[in-house]
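Trainee: Turn this into a model:
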Amino acid sequence: MPDRFKKLNSIQSFQLFCLESYRNTKGISAIKALHDFKTYNVFSFLEEAYQVLHTQSQHYILSEINRYIQQHDNTVPR
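Mentor: Here you go, the predicted model:
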């Protein structure tokens, strides 16, 4: 089976759900949301916190993502 047909694993699916939820909540483009997630290493955060976060509400997860980004905002070079 070609690589392009492989399915996402549970963590990747969760990360995609978080990315889309973040984008929709902020009312930003997919490119901007992806930029934020890459700039602030949100994908790594979500992978590390997956066991706890994937059982929480969407509101709580987005709150944690926003808190994480705010905490790391001053550490990212502009």
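Trainee: how deep is Gln15 tucked in, by neighbour count?
Mentor: Look at Gln15: counted by other C-beta atoms under 10 Å, it has 20 neighbours. Using the backbone N, CA and C atoms, a C-beta is placed for each residue, glycine as well.
Trainee: how much space between it and His72?
Mentor: Gln15 sits 17 Å away from His72, going by C-beta to C-beta, to the nearest Å.
Trainee: Also Lys38?
Mentor: As defined by C-beta to C-beta, Lys38 lies at a distance of 12 Å from His72.
Trainee: If you count surrounding residues, which of these two has more?
Mentor: With neighbours defined as other C-beta under 10 Å, Lys38 and His72 compare such that His72 has more, 14 against 10.
Trainee: ok, the more buried one touching Asn41?
Mentor: Yes - the pair His72 and Asn41 passes the contact test of C-beta atoms under 8 Å, sitting 7.3 Å apart.
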